[in-house]
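Enquirer: Predicted structure and sequence below. I'll ask about it afterward.
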Amino acid sequence: MTDSKYFTTTKKGEIFELKAELNSDKKEKKKEAVKKVIASMTVGKDVSALFPDVVNCMQTDNLELKKLVYLYLMNYAKSQPDMAIMAVNTFVKDCEDPNPLIRALAVRTMGCIRVDKITEYLCEPLRKCLKDEDPYVRKTAAVCVAKLHDINAQLVEDQGFLDTLKDLISDSNPMVVANAVAALSEIAESHPSSNLLDLNPQSINKLLTALNECTEWGQIFILDCLANYTPKDDREAQSICERVTPRLSHANSAVVLSAVKVLMKFMEMLSKDLDYYGTLLKKLAPPLVTLLSAEPELQYVALRNINLIVQKRPEILKHEMKVFFVKYNDPIYVKLEKLDIMIRLASQANIAQVLAELKEYATEVDVDFVRKAVRAIGRCAIKVEQSAERCVSTLLDLIQTKVNYVVQEAIVVIKDIFRKYPNKYESVIATLCENLDSLDEPEARAAMIWIVGEYAERIDNADELLESFLEGFHDESTQVQLQLLTAIVKLFLKKPTETQELVQQVLSLATQDSDNPDLRDRGYIYWRLLSTDPVAAKEVVLAEKPLISEETDLIEPTLLDELICYIGTLASVYHKPPSAFVEGGRGVVHKSLPPRTASSESTESPEMAPAGAPPGEQLDVIPTQGDLLGDLLNLDLGPPVSGPPLATSSVQMGAVDLLGGGLDSLMGDEPEGIGAPNFVAPPAATVPANLGAPMGSGLSDLFDLTSGVGTLSGSYVAPKAVWLPAMKAKGLEISGTFTRQVGSISMDLQLTNKALQVMTDFAIQFNRNSFGLAPAAPLQVHAPLSPNQTVEISLPLNTVGSVMKMEPLNNLQVAVKNNIDVFYFSTLYPLHILFVEDGKMDRQMFLATWKDIPNENEAQFQIRDCPLNAEAVSSRLQSSNIFTVAKRNVEGQDMLYQSLKLTNGIWVLAELRVQPGNPSFTLSLKCRAPEVSQHVYQAYETILKN
């Protein structure tokens, strides 16, 4: 009869009977009783009362009985710590038993009893077992050290167990080596700073030798440990790869993925010219393909890992496209993952095959899969230009099927195709418009609205189409509302005469009737743009759009490198680093791939810039996204504007016809006053609180890039401007300007009390900003500010505050508090207050840095109406910390080469051409962060013209 009989008893009051049986003299009866106890424990009955009786049964030679007692002990030791001490003697004795199985069993159970009181008694037996002559005991003891470390780390370190573990890495038995590596890796994970696994070529050699003879899980531990090692050069990396490669043919998929991880990591160090590199690429493909013949769950894990590998090294699987074709009986999660990899591997060579497959998928019954297949066709068009036409005609065929969800997905991807290939496939717009009524998903509606707005001039009834969407404006999702607002503004800028009412209606819906702050803000910005400067509005709203990139869903490179180091773990399935989903201190060590030995990293700072970069062709001046402060200043700036900035009016909101004025400049010679009487500005009361500052100060700065620019240049300080008018701050008026003198920056403020009550308790705070400007001292207004009284204060500033990208770059948002309320405003500070005194570069360094900065980072500007000669220019700029490094005369032109340095360490190099007798100068600026060039140019203008 089997042991299942122990689980079928329904007797009550059996504890007493069991107690008697446990104390029986007959061995068989004792064993039966312990089995009954374990059965009761397993089904959740509390049998802890029998603890002393069960512990007494430990004194036996019967291995089966001993295992059962140890099992009971592990379960109840935590709730009965005082009783558990009774078992210590038996452990000590069992650790010296002649039978290695009993010794190992004792040491394994010791590790599982998580009771602080007992741990110190267990150190001696553990020490003996770590040096036992039997490898089975040693490998069990190695794991026990990791468990003990988890309970009491200090004890393990004091007892020297970690050193013993390190010695076990050199053990003659491969399983002992594997368990020692596993234990050390486990301990190292919870103590990232300790250098426990101090790997060197000798220990790596021992691990590689053990690798061939281990069990499969031992191999995984060793491979994972190898993946954390950084070889000293490419030869060592190649040698390790050669010895790891045979693991790729292992039957266990976990071993295969661990081997792939090691190879992917060490391949970083191999030169692509090596024959071995090509051989390795070929060897990596078959094992990955084999993983796809496993059961679906394993396939999914393999596909998620392959997705990462294909993004890092697409050449590995470029000839294996057919493996990723979907089978009819694949589960949906496998189908979607295969589809993703197909698109990543799509190229000109295989696109015909891929498209035929995708068209087939688009007629399947599984809705999610069909959607993804349609989207995939669009992604292929964007990725492989030669296939775009074929993809578009495939999409049009699919639209003709009139299957609702297919049509909607097709419209979403066609929008992206329009953005990638402008003015090429617009002939299909008519077909798209026919399907307007069937769109019910937000993304498809938004895409269609974008198409209508973008190509309004080609669609005769664009206004009617957009008006039909406007009828249910408040029922639409935010995505559709935002798109509709932008599309109608585009339409208005293209056909002003016919769409005034429409644009007025949408602006009023977006600003006055909406609760969504994003929508409201966008509405107000458009409203102000159209009212203050329609020409500027046209340049902003109808600006040329950047082409979209081929792969929009690629994992960011640094994250991808980190995930490659986690192949075969949960991180590679989630596509997130462990720190994103592992709670607590474990698993948050950031790993990265080893640097390529062949490549020399380009230097960032001018002091270390390599000389001799060849001067390339002079490119058009389009600042690219720079590396200034990481992604801090990753702004979407357009090309720099030459000439004077646009003039703007600082109209008070709620007191002006916002769209009436300025329309004539947009429409040419229209009859006077078109539309002016019809337009009503949004009432002041509806200006949302989050817009904060008045139109005349902070918010006009969104468009008034010149306000506040033009402060101190040498002795020149700009006159104070009103930053916060009294009507917006309950009677407190704040004017101010910025100065820099002898290395210190200050904000010179003038506070005027225009209220009827005394003001006290002043304080000031800055929001995070691009350069970390912050008050260096509190705002000190020594006496209460009486009505009609004015006080002047100089507030020292520093640049050690919190940093955040601002738009525009030099925008500063300020909060001022007094006994009445807190008031907010924003202002623009002139960039030259950030030019530091040690900004003069020596000539050689200047030349090397100028050559090293890419030509596309160069920006050119014209400074007009400046009647100064080269000497006066140089001296005036030097007083504002723009230093002349060298001067020469070329064909009658004075060329000044200048350098300046910002407080955050960014260098800007300049070439200023001054033609005697000509009041226009040409300024060329080069900087690793092109975003600052426009503001440096404004600083030049301000300094030279005042």
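Expert: Great, that's in hand. Numbering: from 1, shown residues only.

Enquirer: pLDDT below threshold where in the protein?
Expert: 1-13, 192-195, 550-553, 584-589, 596-716 (pLDDT under 70).

Enquirer: quick one, phi psi at the residue minimising distance to the centre of it?
Expert: Compute the mean C-alpha point of the chain, and by CA atoms, centre = their mean the closest residue is Glu556, 7.2 Å away. With angles defined as degrees, to the nearest 10, Glu556 sits at phi -60, psi 140.

Enquirer: now do the one 5 residues further on
Expert: The phi and psi torsions at Asp561 (degrees, to the nearest 10) take the values phi -60, psi -40.

Enquirer: what number of residues lie near the closest residue to Met264 other than its chain neighbours?
Expert: Leaving aside its chain neighbours, Met264 sits nearest to Ile564 (5.3 Å; criterion: CB to CB, 6 or more residues apart in numbering). From N, CA and C alone the C-beta is placed, and that goes for glycine too. Ile564 has 26 neighbours, counted by other CB atoms under 10 Å.

Enquirer: any idea how far Ala356 is from Val413?
Expert: Between Val413 and Ala356 the computed distance is 18 Å (CB to CB, to the nearest Å).

Enquirer: Those two: who's more crowded?
Expert: For Val413 versus Ala356, the count of surrounding residues by other CB under 10 Å is larger for Val413: 22 against 10.

Enquirer: Let me see the contact set for that one.
Expert: Residues in contact with Val413 (CB atoms under 8 Å, 6 or more residues apart in numbering) are 374-375, 377-379, 381, 395.

Enquirer: For it, give me phi and psi.
Expert: Dihedral angles (degrees, to the nearest 10) for Val413: phi -80, psi -30.

Enquirer: go on, the one 3 residues further on?
Expert: Dihedral pair for Asp416: phi -70, psi -40, per degrees, to the nearest 10.

Enquirer: Pretty sure it sits against Cys380.
Expert: No. In this structure, Asp416 is not within contact of Cys380 by CB atoms under 8 Å, at 11.4 Å.

Enquirer: Which one's more surrounded, these two?
Expert: Cys380 (23 against 17).

Enquirer: what's the closest non-adjacent residue to Val936?
Expert: In space, Val936 is closest to Val908, 5.3 Å off (CB to CB, 6+ apart).

Enquirer: Please state the offset of the strand or helix carrying Asp82 from the chain centre?
Expert: Assigned by DSSP states H and E, Asp82 belongs to helix 81-84. In terms of CA atoms, centre = their mean, to the nearest Å, the centre of helix 81-84 is found 51 Å from the chain centre.

Enquirer: got the CA positions of the helix or strand that that helix is followed by in CSV?
Expert: With elements assigned by DSSP H and E, the helix or strand that comes after helix 81-84 is helix 88-94. Extracted in CSV, the C-alpha atoms of helix 88-94 (Å, rounded to 0.1, in the frame of the first residue of the first chain):
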residue,chain,number,x,y,z
VAL,A,88,22.0,20.8,17.6
ASN,A,89,23.9,17.9,19.1
THR,A,90,22.4,15.5,16.6
PHE,A,91,23.5,17.8,13.7
VAL,A,92,27.0,17.9,15.1
LYS,A,93,27.1,14.1,15.4
ASP,A,94,25.5,13.6,12.0
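
Enquirer: what comes into contact with helix 88-94?
Expert: 55, 58-59, 66, 102-103, 105-106, 109-110, 118, 121-122, 124-125.

Enquirer: Next: stretch 252-263.
Expert: So stretch 252-263 is contacted by 216, 219-220, 223-224, 226-227, 240-241, 244-245, 247-248, 250, 280, 284, 287-288, 290-291, 294, 298, 301-302, 305, 309, 564-568 (CB under 8 Å, 6+ apart).

Enquirer: out of these, which are inside helices?
Expert: 216, 219-220, 223-224, 226-227, 240-241, 244, 280, 284, 287-288, 290-291, 298, 301-302, 305, 309, 564 (DSSP state H).

Enquirer: picking up where we left off before, quick one: the residue nearest to Val936 and Val256, what's the gap?
Expert: 53 Å.

Enquirer: higher neighbour count, those two?
Expert: Val908 (25 against 22).

Enquirer: right, and that one touches His935 too?
Expert: No. Using CB under 8 Å, Val908 is not in contact with His935; the gap is 9.8 Å.

Enquirer: what is in contact with these two at once?
Expert: Counting by CB under 8 Å, 6+ apart, no residue touches both Val908 and His935.

Enquirer: Send me stretch 487-497 as CSV with only the CA atoms.
Expert: Only the C-alpha atoms of stretch 487-497 are listed here, as CSV (Å, rounded to 0.1, in the frame of the first residue of the first chain):
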residue,chain,number,x,y,z
ALA,A,487,-5.6,70.4,-37.7
ILE,A,488,-8.2,73.3,-37.7
VAL,A,489,-5.4,75.8,-36.9
LYS,A,490,-3.4,74.4,-39.9
LEU,A,491,-6.5,74.7,-42.0
PHE,A,492,-7.1,78.3,-40.9
LEU,A,493,-3.5,79.2,-41.7
LYS,A,494,-3.9,77.7,-45.2
LYS,A,495,-7.4,79.0,-46.0
PRO,A,496,-8.0,82.0,-43.6
THR,A,497,-11.0,83.5,-45.3
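
Enquirer: Counting neighbours, which bits of it end up buried?
Expert: Neighbour-count burial for stretch 487-497, counted by 16 or more other CB atoms under 10 Å, picks out 487-496.
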